[in-house]
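[1] below are the sequence and a predicted model; questions follow.
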Protein chains: 2
Amino acid sequence: MKKIPLLLMGCGGVGCQLLHHIVSCRPLHAKLGVRLRVVGVCDSKSLVVADDVFTAELDDSLLLEICQAKSSGHSLHTLDSGPCSTFSSTDAIRKVIYIGGLLGRSTGLAVVDCSASPETVGILSKVADFGCCVVLANKKPLTASMEDYDKLVLQLRRLRYESTVGAGLPIMASLSRIISSGDTVYRIIGSLSGTLGYVMSEVEDGKLFSKVVNVAKSLGYTEPDPRDDLGGMDVARKALILARLLGHRINLNSMKIESLYPAHMGPGVMPLEEFLNNGLPQLDKGIQERIEKASSNGNVLRYVCLIDASSRCEVGIQEVPKDSALGRLRGSDNVLEIYSRCYKEQPLVIQGAGAGNDTTAAGVLADILDLQDLFS
Amino acid sequence: MKKIPLLLMGCGGVGCQLLHHIVSCRPLHAKLGVRLRVVGVCDSKSLVVADDVFTAELDDSLLLEICQAKSSGHSLHTLDSGPCSTFSSTDAIRKVIYIGGLLGRSTGLAVVDCSASPETVGILSKVADFGCCVVLANKKPLTASMEDYDKLVLQLRRLRYESTVGAGLPIMASLSRIISSGDTVYRIIGSLSGTLGYVMSEVEDGKLFSKVVNVAKSLGYTEPDPRDDLGGMDVARKALILARLLGHRINLNSMKIESLYPAHMGPGVMPLEEFLNNGLPQLDKGIQERIEKASSNGNVLRYVCLIDASSRCEVGIQEVPKDSALGRLRGSDNVLEIYSRCYKEQPLVIQGAGAGNDTTAAGVLADILDLQDLFS
């Protein structure tokens, strides 16, 4: 039986769902000849860790207790962790790095980042140096400086980050296959925000932009402040991750990122209520005109990421053919079209649910299992 | 630099394209830290092999010469192979197994089957026993008896077979990820024959079945005898490979396989010319009636493989919703819809070119690179 020791950073929605999946997949993974040993779990403030990470692990009942506590809003240090230790703040970070050193150099360790924090990148590059594998649902470490990125991808086979783009959709896995087979990617275009995909397909049907955004918010499709989606920054991070995989050496701040609201309606300037009631309706006419213009060209509008073989990497509204995979997109699915030597006239298309804790955690779990040949 | 010794069986269209890709990807693979050492190449009659497989390899000029010879219709034993040896018939098979034993137990060896032969399965299960990795474009070894199949998949991580279904499309890779993450697959439905995809979308537009098949033949979309496509056996093999991956223990001869021509028009009964001129037109009315019936239900007809979580695994014409990925399919693209816990209402869709030597060979090469963690 192959053993993969695992340390999880971040146990919010995705992290807890991952722990649930790990526990429920025990019989399946045994059949595959693999056992995941969770040696530690941390949130932003604390770390619960097995006392002897070489032999012991957090048992399944403790893992489920951790999920229970977190979903009730409690922190990890409130738990009675039995034979395991709990560390707080800087001690926790130091301990994670210490364990990375211990196991990275011996049995190996998969450090899994399901946080949304920009601050894990320091820990990750240290444990990667020790030979640990790194699995990311967190986009921030891959979208920080090129220097941080280069450190993380130095041992590319020990890094997996499928769930950073399109949740569990096999986008990174497919692109990696294309790249390693020498198939040249000419162009990637995709709708990688379920929220913006929903909004763009609804306004295409003639509904008012302001109404659609309000409905999306009430359905829970948007962040609490919809401007977090409408600003395009989340899509930009995904685009940057794809572009860097293709070899582009660019940063977030040099990208062209179209925001669907003007600066004077931004979160720091206009209160949320005013934006929803008075700001948004001012945007309806502009969107409507763009839709009509696209329609007269036989196209529809989508909020897309667009990356090509030159250094182009941008996100924003584009006209796309009505009968393309992107043009036919309805609802909140993600869709990616990849044009390459092998997929020249008709693209390789990957489409499906690109969000949700279950799907994202499943992507993380598949990444972990995909690392199994690096463990003994 | 990681070294992957490689022995290629079958150097027709796909095998030769693979050798070309290997040669042209040398700089790329060097950047990835991998070197592919081709120690032997065989066709159905002969084997060209390096004299010392531990240290020597067929150099790139010889690999390209092999491709040249094969595309001119010459056999391998006509080549001046320089410091390499050539073996014929049973000696060749014995030598392949011998090399499998030598390298499988020491450095490792990837045995790549790009033949279309049912007879490689014996060699493959022997070299797999020796610890060799096996990469298949050949569907036959996976669609023979369950006993042969079980032997091949015993060491599942050492086996790759992406190109057996949908050429280079990331279908097997994606399904493997779904399975290892514990996401339950409820249903797979797909159009996995470019030829039948083209035929079904053309007849949907009101063209006569017999005319469409004749045009497809003249465009080179079909096999020389179109009954090889219309019989559904190639799609059935792909369906069986998918079904067995999901855990179904079934055989080709127990599957429901719909042929688009009746038995009395079969290759053994009716000459090809007569089939094209007199047989096919007799089928037009029946197809036309089915299309009209589907259309009255708001559906279209597709020739699909259909696999579900029970033991259902069949291929044939099915009505599918007009506005599904399958229903919208035009031309010769392949498309697969996967329904699972994570992709419940809207399926995970993978679509793109599912045939062609370049694309198929790219899939094989990606499989080989994906094995790199098993080599040192």
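    Good, I have the coordinates. Numbering: from 1, shown residues only, chains lettered A, B, ... in the order given.
[2] give me the number of residues near the nearest residue to A:Val23 once chain neighbours are set aside?
    Leaving aside its sequence neighbours, A:Val23 sits nearest to A:Asp60 (CB to CB, 6 or more residues apart in numbering or on different chains; 4.8 Å). For every residue, glycine as well, the C-beta is placed using N, CA and C. A:Asp60 sits with 14 neighbouring residues when counted by other CB atoms under 10 Å in any protein chain shown.
[3] likewise A:Leu76?
    A:Leu76, neighbours per other CB under 10 Å, totals 22.
[4] tell me the residues of the stretch 1-150 of chain A that contact chain B?
    A:His21, A:Ser24, A:Cys25, A:Leu28, A:His29, A:Leu32 (CB under 8 Å from any CB of the partner chain).
[5] 7 Å instead?
    A:His21, A:Ser24, A:Cys25, A:Leu28, A:Leu32 (CB under 7 Å from any CB of the partner chain).
[6] contacting residues around the second one?
    When you say that, I think you mean A:Ser24. Each residue near A:Ser24 by CB atoms under 7 Å, 6 or more residues apart in numbering or on different chains is listed here: B:Gly182.
[7] and stretch A:281-294, what's buried?
    A:Leu283, A:Asp284, A:Ile287, A:Ile291, A:Ala294 (16 or more other CB atoms under 10 Å in any protein chain shown).
[8] ah, wrong one, I meant stretch A:319-337
    Quick answer for stretch A:319-337 (16+ other CB under 10 Å): A:319-320, A:324-329, A:332-337.
[9] how close does the residue nearest to A:Val23 sit to B:Leu246?
    A:Asp60 is 27 Å from B:Leu246, where distance means CB to CB, to the nearest Å.
[10] show me where the stretch 1-150 of chain A has its strands.
    For the stretch 1-150 of chain A, applying DSSP state E, counting those that start in this stretch gives strands covering A:2-9, A:34-42, A:46-50, A:84-88, A:110-113, A:133-136.
[11] for these, give me TSV that also has mean neighbour count.
    Output for the strands of the stretch 1-150 of chain A, formatted as TSV (neighbours: other CB atoms under 10 Å in any protein chain shown):
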stretch	mean neighbour count
strand A:2-9	23
strand A:34-42	24
strand A:46-50	24
strand A:84-88	17
strand A:110-113	27
strand A:133-136	26
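[12] got these as JSON lines, with mean pLDDT columns?
    Formatted as JSON lines, the strands of the stretch 1-150 of chain A follow (pLDDT from 0 to 100):
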{"stretch": "strand A:2-9", "mean pLDDT": "98"}
{"stretch": "strand A:34-42", "mean pLDDT": "97"}
{"stretch": "strand A:46-50", "mean pLDDT": "95"}
{"stretch": "strand A:84-88", "mean pLDDT": "87"}
{"stretch": "strand A:110-113", "mean pLDDT": "98"}
{"stretch": "strand A:133-136", "mean pLDDT": "98"}
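[13] and those strands: which comes nearest B:Arg187?
    B:Arg187 lies closest to strand A:34-42 among the strands of the stretch 1-150 of chain A, at 26.5 Å (CB to CB).
[14] what angle sits between that closest one and strand A:46-50?
    Angle of strand A:34-42 versus strand A:46-50, following axes from the mean of the first three to the mean of the last three CA atoms, to 10 degrees, is 140 degrees.
[15] and what about A:His264, helix, strand or coil?
    helix (DSSP: H, G, I helix; E, B strand; the rest coil).
[16] residue in the stretch 1-150 of chain A with the shortest distance to chain B?
    The minimum distance from the stretch 1-150 of chain A to chain B, using CB to the nearest CB, falls at A:Cys25 (3.9 Å).
[17] doesn't B:Gly182 make contact with that residue?
    Yes: if you go by CB atoms under 7 Å, A:Cys25 and B:Gly182 touch, sitting 3.9 Å apart.
[18] overlap of the contact sets of these two?
    Shared contacts of A:Cys25 and B:Gly182 (CB under 7 Å, 6+ apart): A:Leu365.
[19] in helices only, show me the buried residues of stretch A:281-294.
    Mapping the buried residues of stretch A:281-294 onto helices (DSSP state H) picks out A:Leu283, A:Asp284, A:Ile287, A:Ile291, A:Ala294.
[20] ok, so of these, who is nearest B:Ser218?
    Closest approach between these and B:Ser218, by CB to CB: A:Ala294, at 38.5 Å.
[21] quick check, that closest one in contact with A:Arg302.
    No: assessed by CB under 7 Å, A:Ala294 is found out of contact with A:Arg302, at 9.5 Å.
[22] the helices in the stretch 101-250 of chain A, which residues?
    A:121-129, A:140-143, A:146-153, A:171-180, A:194-204, A:209-218, A:227-230, A:233-245 (DSSP state H, counting those that start in this stretch).
[23] dump these to a markdown table, plus mean neighbour count and mean pLDDT.
    As requested, the helices of the stretch 101-250 of chain A are exported to a markdown table (neighbours: other CB atoms under 10 Å in any protein chain shown; pLDDT from 0 to 100):
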| stretch | mean neighbour count | mean pLDDT |
| --- | --- | --- |
| helix A:121-129 | 20 | 96 |
| helix A:140-143 | 22 | 98 |
| helix A:146-153 | 15 | 96 |
| helix A:171-180 | 23 | 98 |
| helix A:194-204 | 23 | 95 |
| helix A:209-218 | 18 | 96 |
| helix A:227-230 | 21 | 96 |
| helix A:233-245 | 22 | 98 |
